[in-house]
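**Student:** Here is a sequence with its predicted model. Questions after.
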There are 2 protein chains.
Amino acid sequence: MSDTATRKRSRGTGGGAARRAERTAVRIEAARYIERNIPNFEILNEEALEIIEANAETLLEEVGVVFSENPAALDRWREVGADVQGDRVRMPKGLARKLCQTAPGSFTQHARNPERSVEIGGRNLILAPVYGPPFVRDREGGRRYATIDDFRNFVRLGYMSKWLHHSGGTVCEPTDIAVNKRHFDMLLAHMTLSDKPFMGSVTEPSRAQDSVDMCKILFGDAFATENTVMTSLINVNSPLTFDATMMGALEVYAENMQACIVSPFIVGGAMAPVTVAGTLTQVLAEVMTGVAYSQMIRPGAPVIGGAFVTSIDMNSGAPTFGTPEASLITYGAGQLMRRLGLPYRSAGSFTGSKLPDAQAAYETSNSLNMGLLSGVNFMLHACGWLEGGLVASMEKFVMDADQLGVLHTIAKGVDMSEAGQAMDALREVGPGGHFLGCAHTQAHFKDAFWRSQLFDYKPFETWSEEGGRDTARLAEIRVEKLLNDYQQPGLDPDIAGRLEDYVAGRKSEMPDAFS
Amino acid sequence: MSDTATRKRSRGTGGGAARRAERTAVRIEAARYIERNIPNFEILNEEALEIIEANAETLLEEVGVVFSENPAALDRWREVGADVQGDRVRMPKGLARKLCQTAPGSFTQHARNPERSVEIGGRNLILAPVYGPPFVRDREGGRRYATIDDFRNFVRLGYMSKWLHHSGGTVCEPTDIAVNKRHFDMLLAHMTLSDKPFMGSVTEPSRAQDSVDMCKILFGDAFATENTVMTSLINVNSPLTFDATMMGALEVYAENMQACIVSPFIVGGAMAPVTVAGTLTQVLAEVMTGVAYSQMIRPGAPVIGGAFVTSIDMNSGAPTFGTPEASLITYGAGQLMRRLGLPYRSAGSFTGSKLPDAQAAYETSNSLNMGLLSGVNFMLHACGWLEGGLVASMEKFVMDADQLGVLHTIAKGVDMSEAGQAMDALREVGPGGHFLGCAHTQAHFKDAFWRSQLFDYKPFETWSEEGGRDTARLAEIRVEKLLNDYQQPGLDPDIAGRLEDYVAGRKSEMPDAFS
C-alpha cells in the first residue's frame, strides 16, 4: 500500500542464527497515521450542542473548579479575571473558552525517526498502546505484577506493530523498580527499543522535567526546545478537581512546548452524573479549564482535549467498558472538542474481561469503531487493555493491534476513481460470470481487501488438523514470532551512552521510594 | 425500560418442578424494535451517489440481467418496455427505478402476538437470527449436522432473547428431514414455539405457497390475505442473474402481499468487482431489478432492498467477514436504498471464525455496529452465525443476542431533557464530590446504563474462585438456563391442531426427496 513504509533489515547476530535470519529477513512495516477520508458521526444536533456548551459555562461560573495545593495556579486564575475563593476557581462565562483559543488545532509530535513523526489534530487519527496497568497477562505466565522486562517486551511489540503509530507511555507499570525511578527506565526503553513517538512521565513535576531533559539528549537541545517531542497524559481528578501533581507536570510540559492530553477520567455515576448530557457538560467544563490553564502557562502550547469515560455496573459498582453510553459520550465529546478547535483524545481497546475472549473483543471492537467515527485524533489504549485497565495482555495487544488495520481501511473511504468504479469489470463479466479472472480483478486484487495477520481464514478441515486453535492461541504464537523477529532500531551510540549515563547519574542521586 | 413489554408466566408442568418454577417465575422480556433517534452515517457524498446511480442504469441498459428458465418473467419485462433477447433483459435508463416507486417505504409485518408485530422501514431496525447453516455447534456436542431438534432449540432461544424482534427463518437446516418436507417442520416450529414474526420458505415456489397456506390457518384466511405476515429471503444469483426458483417464490409472495428481501449475495472479487464502488453499482442494479419485478407482479407488494456483501481472502479464496470493505459497502448501500425509498436489509453477526472466540466477536461487532449506523431496517443473521455461515452456534447465538442490547441503547441517542442535562446533580456534587449518593443518581441509576446479561463484571478474585470462565463457557450456561426456563407461548388448540393436520396431510402426499 502506498501509505506504508517498508524496510528490510538483516539481523546483526553471527553464526548459524545469522544465516537463518538472512533467509527470513524481517520486514518491518509501519503504516502512516490515519488521515480520514470519511465524515465524522455527529450524534448531537446544533441545539443540543448549544445547551451543553451553555451548561458547561454555567457550571464553571456557579460551581467552579478546585486547583488544590497550587497557590501559583490560583494567582494565575486571578490574573485572568477568575473569582478565586480558597482553592475554588469560578470563571465568568466565556473566559475559559476564550483562553483555549491560543491552543493549536493541530501539531506535529516528532519521533527520532522522522518517518514516524505524527501530526495530531485535523482529520488524523494516531494510535497508541495501553497505558497504566500494574499487571500483565500472557497465556503461558498467567496474570502477575508487571516488570521492566514486560515493559520492554510491550515496547518491542509496539515497534513491530504495523498499525500502531506511537510507542505510548506507561505500557505497564514496571513494579520491580522503585516508583521514583521507573520513569527513567520506561523512557529509556521507548527511546532505545523503538523509533516511534512516545509519552513523558506525569507522576511528579520533577519526573516531567527528567523526561524533558532526556529528550534534549535524544533529539538535541535546540530541537527539543523548539519542537514537540512528547505527548503526555494529564488526568483531571473528576469532578472538577485539578491536583498539584498533574498540574505541576502540565506546567513543565507546557513551558517546554511539549504536548499534554487534558483528560477527565470518568466512571459515569461515580465521577459524573449517570446521564450522557450531564457527563458531556462536565467533560467540556473540565477540558476547557485544563486547556485554558495550559495556555496561561504558555500561549500556543500544544494540548489535546480528552475524554476517558466509562459507565458503571450498578449491581456490583464495577466500571464497565465498550458500553453504549460510552459510545454516545465519545461521539458527543468529539463534536464539542471540534467546536473548541482542539485535537481530541478518546476510545481504546477497553474491556472489563479478565481474558482475551469474546467479551474482550466485543467491548473493544465497540470502542475502536466508535473511536474512528467520532473523530478521535489520539487514541491511547488502542491495543492491549484487559480487565478494566488493571492488566496489559500480550495476546490482546497483538489481537487489537491487528484490528487497528480495519480502522485504517474504513478511514480511506470509497475510491470513486475510474478503477474504483470498475465499469470495465462489470461490462466484461456480465450475468452469471465470475470476477476472479477478469482483467480488473487481476490488476487490483493484491491490495483490494484488508487481511488480518492473525485471524483464521482456513477451511474447517485444515483448521482442525492444526489443532483447532482459538484467537488467543494464535495471538500467543504471534507474540512469540514478533519478539523473535524484533531487531532494535539503530541509535547513535554516543546518544545512547549519554542517555544511559544520565539515567545512572540521576538514579544515584536519590534513594529508592515506593510511593 | 419503557420500551420493554414484560410478562410473567408460570410453568405448566406439574409436581415438584411446578413448585420450583413458581418460586423462580420466568420473566419473558421482549424489547420493542429499534426506532432510531440518531442520524445515519453517510459515507458517500452527493456526487459519488449520482455516479453510482448512473453507472447502475448504464449496466442495466448495456449489459442487462438474466431471468433464467422463466418465460413468463421475460414476457412481463417485454410488456413494461425492456429489450429482451433470449433470457437477457436490458432496460432503458430509468425504467427499473420508476417501477420501484410503487414499493412501500415501510410496512407492518404482523406477528400472531400483536405486541410482537414489527414495522419494517423508516428509521426502524428489526433484528432476526442466523439463517441457513447446515451445521450446528455447541460446546458440549461440538460441530455436527443440524437436526430439527436443534432448529427448535434455536427458535426457543430466539423467543427467549429480549433484544431479538423476529424469529427468523431457516435458523439452521434440519438435515434429518427430507429436503422437500423441511419447510413444514420449520414453519410449524416458528408458529408454535414462538409468537414473534417469522419468514417463509423460498426453496421452491410450491413451498412458498405452503407457507402462505399455513399462515392462512395461523392468522385466519381474511387476515393473511389482507396483511403481511411473512418476510422471506430472495437471494439474487450475483452477478445479475435471477433464477426461476427464487423468482417463483417471489412471485407467490408478491401476489399474496407477503414481503420479500431482494438481496444480492456477493463475495467481493468473485460475484462482484474487487472495489467498493463497483460492488455498490452491481448491488443497486440487482436490487432495482428484483424490486421492479416484484412490483410488476403486484404493485405495492412489500419488499426490502438487501445487500449481503463480504470480501474474499485473496490468499485462500475463503470469504472473510467483519471486514472494512464490507463496512464501506454496507454504509453506501444504505444511502442508495434510502434514495430508492426502500427498507434496507444488511449486516449481521458475521464471522469466519470456527469458534465463538475473540475473532468471532471482533468481526461480529464490526458488522453489528456498522449495521446500526448504516440505517439497516432488517438485520438478518443478527445472532448465532459462525464459520462463514456454515455453522449456527448455540453459544454465539446468546452472546450476539446479548450484544444487540448495545444497539438498542445507542439508537436512543442523547436524552436532552432536564433530567438528562443533570444540572442539579452537577450543582449538588461539586468539585471532588461523588455522584453515587446524589439525588439525581438515586432517581435514575436503575435504567441509566445498559448491562449485559452474560458478560463477567465481577472482581478478579471472585471470577477466579468461580473457575475463571471465559465468555463461551458463560454462554453455554446461559443457553442451558434459557432452554430450561423456556415456556411455550399459548396458541389456540384448534389452530395448532389444524396446522398439524395440514403438515401431516401435505407430507403424506409426497415421497421424501433429498435435493
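**Tutor:** Received the coordinates, thanks.
**Student:** mind giving me the domain ranges of chain A?
**Tutor:** A:4-31, A:100-411 (automatic domain parsing).
**Student:** got those as CSV, with mean neighbour count columns?
**Tutor:** Every C-beta, even on glycine, is put in place using the N, C-alpha and C of the backbone. Below are those laid out as CSV (neighbours: other C-beta atoms under 10 Å in any protein chain shown):
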stretch, mean neighbour count
domain A:4-31, 12
domain A:100-411, 24
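**Student:** Please, which helix or strand holds whichever residue of the stretch 251-400 of chain A sits closest to chain B?
**Tutor:** Residue nearest to chain B within the stretch 251-400 of chain A: A:Gly278 (2.8 Å; C-beta to the nearest C-beta). Following DSSP states H and E, the helix or strand that holds A:Gly278 is helix A:276-297.
**Student:** That helix: what's the following helix or strand?
**Tutor:** Sequence-wise, the next helix or strand downstream of helix A:276-297 (DSSP H and E) is strand A:303-306.
**Student:** related to what we said a few turns ago, how many neighbours does the closest residue in space to the residue of the stretch 251-400 of chain A closest to chain B that isn't next to it in sequence have?
**Tutor:** Nearest non-adjacent residue to A:Gly278, counting by C-beta to C-beta, 6 or more residues apart in numbering or on different chains: B:Ala422, 2.8 Å away. Residues lying near B:Ala422 (other C-beta atoms under 10 Å in any protein chain shown) number 30.
**Student:** residues contacting B:Ala422?
**Tutor:** When contacts are counted by C-beta atoms under 8 Å, 6 or more residues apart in numbering or on different chains, B:Ala422 touches A:Pro273, A:Val274, A:Thr275, A:Ala277, A:Gly278, A:Thr281, B:His440.
**Student:** what's the closest of those to B:Gly64?
**Tutor:** A:Ala277 (53.2 Å; C-beta to C-beta).
**Student:** Surely A:Ser232 and A:Ala259 touch.
**Tutor:** Yes - counting by C-beta atoms under 8 Å, A:Ser232 touches A:Ala259, with 7.0 Å between them.
**Student:** any residues in contact with both of those two?
**Tutor:** Common neighbours of A:Ser232 and A:Ala259 (C-beta under 8 Å, 6+ apart) are A:Tyr253.
**Student:** I'd like the contacts of B:Ala422 written out as TSV, with pLDDT and distance to B:Gly168 added.
**Tutor:** Below are the contacts of B:Ala422 laid out as TSV (pLDDT from 0 to 100; distance: C-beta to C-beta, whole Å):
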residue	pLDDT	distance to B:Gly168
A:Pro273	97	39
A:Val274	96	35
A:Thr275	97	35
A:Ala277	98	37
A:Gly278	98	39
A:Thr281	98	42
B:His440	96	41
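**Student:** From these, pick the one nearest A:Asn227.
**Tutor:** A:Thr281 (35.4 Å).
**Student:** In contact with the one residue sitting closest to the centre of chain A, which residues?
**Tutor:** Nearest to the geometric centre of chain A sits A:Leu380, at 1.9 Å (C-alpha atoms, centre = their mean). Contact analysis of A:Leu380 by C-beta under 8 Å, 6+ apart lists A:Ala128, A:Tyr131, A:Gly168, A:Leu233, A:Ile261, A:Arg345, A:Gly348.
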